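Q: After the sequence you'll find the predicted model.
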There are 2 protein chains.
Amino acid sequence: MASTRGTSFGSSRAEVAAAKLADILAGQQTGARLGTKEEVRASVDASLSLASFNETLRLLQSRGLVTVRPGPGGGVFVAEQSPMARLGNALLGLNIDRSTVGEAVRIRNALEALVVEDACLYATRADVAAMEQALARMRDALREEDGIEFLHSNWELHSKIAATARSEILSSLYLSLLDLVEEHTISVRSAGPMSLTEFHRERLGIHEDLVRAIEQGDLVEAAATVELHNKGLGVEARPSRGHRRR
Amino acid sequence: MASTRGTSFGSSRAEVAAAKLADILAGQQTGARLGTKEEVRASVDASLSLASFNETLRLLQSRGLVTVRPGPGGGVFVAEQSPMARLGNALLGLNIDRSTVGEAVRIRNALEALVVEDACLYATRADVAAMEQALARMRDALREEDGIEFLHSNWELHSKIAATARSEILSSLYLSLLDLVEEHTISVRSAGPMSLTEFHRERLGIHEDLVRAIEQGDLVEAAATVELHNKGLGVEARPSRGHRRR
DNA sequence: CAGCCTAATTCATCATGATGGTTATTGACA
DNA sequence: TGTCAATAACCATCATGATGAATTAGGCTG
């Protein structure tokens, strides 16, 4: 299980040491004592300075991987990682490529039903107003035949919908996936043969239905619309541009 | 937008400074220069030592929030955080309470369809064998009327199914949610009035159908079974035990 | 034996100074 | 004018030493 999952990118000595220590940690039971800070430092990288090793420990602490305690018998301990922390770390370690984006879309669609359900239950009048505003932007974009703007306003609508969800975990998950998709999507097109404008008109209609269902709190209608929404979508992704170096 | 979202728990000076700097960052455009390291340190917390501030910067760097560059005109810059990093860190900072668990179940159910779909498409014979093994454990548990064991074997089955999914993001998401639910679930019961054994018998049947559908790669049947699977489930969660202090 | 106090252990943070690596700018030179 | 080398601005990391706070172990008292 001690795989070398690169934590993003470890160019600094502190991060390299963190990766190494994380690997050591993976082979230990939670709660185990690794030794005093000094001992651990020496075993990870004897040439690492105290300051840098403090950075290492700070990183791992913030990821919920270790605990450091003072006093006799103190030192560095393997933390019990909450599933949430594990999830967070698992996602942090993933690198984004083209296929990831496709999967993100798929997952997002699966979550759409939940988000919309929540919106039906909890959306306030102000929330609905915000959605209407996004819808208006979509209409404008359609009239102007501005595909990019159409996409953006559509995303805005979805994020407004997601913002009403009560569950923090659901909304952050959904919004992040939306972000992820946004960042890597060039264009969306119909799955079938259809002119772009016509396609957009149809999409707009679906979203109008969606907002109406949310406004009326009609769970059944909303679910049906979501299903319609998720059908017939083709997403064209571009390869990750990585993180621009500058 | 500049909310004080506590990153887990910021007791150390470095983390406090990181939170503060993150708030400052939120009001800046990507790529903006905040100044030299020394200037930024002074503006965030003049009494913070260099070593601690280095920890601060390391944390924010690992979260993809800042970049630090050497050379004339160098210093601390606002970076754009990748959605994945944002998601990971958002989840790291969430604390688990009772409602979270309920939401996790809900999300897990929504993902179940995707996972099973993947299993239908990609499961090898060996995968199916592993699933059968878990099924056998479930049958034993049913015979012994061992509710706990039934739960555990059921979870094992689900994790075997999820393990076949191709998409890393889907499977880690699903498995982590499963973990989370496991760790906080006391028991599962029927939504209606039904004896526990009878309930378990029904659940077993559903899971047998599921594995059969996967084995045959029958997407339609699998989807129907998943829907059946997600209905009529009551989960009894216990409050988070927090993180034991020791 | 229980409870309390002291001492020892270990981490947290600060201060300061030094060396070496990156990067942008400047100025000389072909 | 274009190229290249020297220079200066900055960061990364190391080394050392000091102070204070947290925490535990052990001993002492009632």
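A: Noted; the coordinates are in hand. Numbers count the residues shown, from 1 in each chain, chains lettered A, B, ... in the order given.
Q: got the buried residues for the lengthiest helix in chain A?
A: When chain A is parsed with DSSP state H, its longest helix is helix A:98-122. Residues of helix A:98-122 classed as buried by neighbour count (16 or more other C-beta atoms under 10 Å in any protein chain shown): A:100-101, A:103-120. For every residue, glycine as well, the C-beta is placed using N, CA and C.
Q: overlap between these and the residues near chain B?
A: A:100, A:103, A:104, A:106, A:107, A:110, A:111, A:113, A:114 (C-beta under 8 Å from any C-beta of the partner chain).
Q: What segments of chain A are strands?
A: A:33-35, A:66-69, A:75-78, A:185-190, A:233-237 (DSSP state E).
Q: list the contacts for the closest residue to residue A:215 other than its chain neighbours?
A: Once flanking residues are discounted, residue A:215 sits nearest to residue A:128: 4.9 Å by C-beta to C-beta, 6 or more residues apart in numbering or on different chains. Counting by C-beta atoms under 8 Å, 6 or more residues apart in numbering or on different chains, residue A:128 touches A:211, A:214, A:215.
Q: pLDDT score for residue A:128?
A: If you check residue A:128, the pLDDT there is 95.
Q: how far away is it from residue B:198?
A: Distance, residue A:128 to residue B:198, by C-beta to C-beta, to the nearest Å: 44 Å.
Q: Those residues of chain A touching DNA strand C, which are they?
A: Proximity of chain A to DNA strand C is confined to A:36-38, A:50-51, A:54, A:57, A:68-76 under the rule C-beta under 7 Å from any atom of the strand.
Q: same thing but 10 Å
A: Applying C-beta under 10 Å from any atom of the strand, we find that chain A lies next to DNA strand C at A:33-41, A:49-51, A:53-54, A:57-58, A:61, A:67-77, A:245-246.
Q: ok, which of these also contact chain B?
A: A:51, A:54, A:58, A:61.
Q: pretty sure the third one is touching residue B:10, no?
A: To tie it back to what came earlier, the one meant is residue A:58. No. Here residue A:58 does not reach residue B:10: they are 11.0 Å apart, not a contact under C-beta atoms under 8 Å.
Q: ok, the two, which is more surrounded?
A: residue A:58 (25 against 17; other C-beta atoms under 10 Å in any protein chain shown).
Q: What residue, apart from its backbone neighbours, is nearest the more buried one spatially?
A: residue B:55 (4.5 Å).
Q: Just give me the neighbour total for that neighbour.
A: Around residue B:55 there are 28 residues (other C-beta under 10 Å).
Q: Tell me which residues touch it, please.
A: The neighbours of residue B:55, taking C-beta under 8 Å, 6+ apart as the test, are A:54, A:55, A:58, B:12, B:14.
Q: 10 Å instead, please
A: Residues near residue B:55 by C-beta atoms under 10 Å, 6 or more residues apart in numbering or on different chains: A:14, A:51-52, A:54-59, A:61-62, B:12-15, B:17-18, B:48-49.
Q: intersection of neighbour lists for residue A:58 and residue B:10?
A: Common contact partners of residue A:58 and residue B:10 (C-beta under 10 Å, 6+ apart): B:18, B:59.
Q: Low-confidence ranges, chain A, go.
A: A:1-9, A:186-194, A:232-246 (pLDDT under 70).
Q: Tell me how it divides into domains.
A: A:13-82, A:95-237 (automatic domain parsing).
Q: Quick check: most distant residue from the centroid of chain A.
A: residue A:72 (41.4 Å; C-alpha atoms, centre = their mean).
Q: distance of the residue most central in space within chain A from residue B:120?
A: Centroid-nearest residue in chain A, with C-alpha atoms, centre = their mean: residue A:176, separated by 3.2 Å. Using C-beta to C-beta, residue A:176 is found at 27 Å from residue B:120.
Q: now residue A:70
A: Separation of residue A:70 from residue B:120 (C-beta to C-beta): 54 Å.
Q: Provide a list of residues in contact with residue A:133.
A: Neighbouring residues of residue A:133 by C-beta under 10 Å, 6+ apart: A:153, A:156, A:157, A:160.
Q: For the first one, grab the count of nearby residues.
A: To tie it back to what came earlier, the one meant is residue A:153. With other C-beta under 10 Å as criterion, residue A:153 counts 23.
Q: Now stretch A:68-77: buried residues?
A: By neighbour count with 16+ other C-beta under 10 Å, stretch A:68-77 contains the buried residues A:68, A:75, A:76, A:77.
Q: Put together CSV for the residues you listed, with distance to residue A:92 on each row.
A: What follows is these, written out as CSV (distance: C-beta to C-beta, whole Å):
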residue, distance to residue A:92
A:68, 21
A:75, 26
A:76, 21
A:77, 22
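Q: So which residues of chain A form helices?
A: Using DSSP H, helices in chain A cover A:13-26, A:37-44, A:50-62, A:83-92, A:98-122, A:125-144, A:147-163, A:168-184, A:196-216, A:219-230.
Q: could I get those as a markdown table with distance to residue B:226?
A: Below are the helices of chain A laid out as a markdown table (distance: least, C-beta to C-beta, whole Å):
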| stretch | distance to residue B:226 |
| --- | --- |
| helix A:13-26 | 33 |
| helix A:37-44 | 46 |
| helix A:50-62 | 37 |
| helix A:83-92 | 22 |
| helix A:98-122 | 11 |
| helix A:125-144 | 30 |
| helix A:147-163 | 24 |
| helix A:168-184 | 19 |
| helix A:196-216 | 24 |
| helix A:219-230 | 15 |
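Q: still on that earlier bit, for the residue nearest to the centre of chain A, give its distance to residue B:87.
A: 3 Å.
Q: what touches both of the two?
A: residue A:91.
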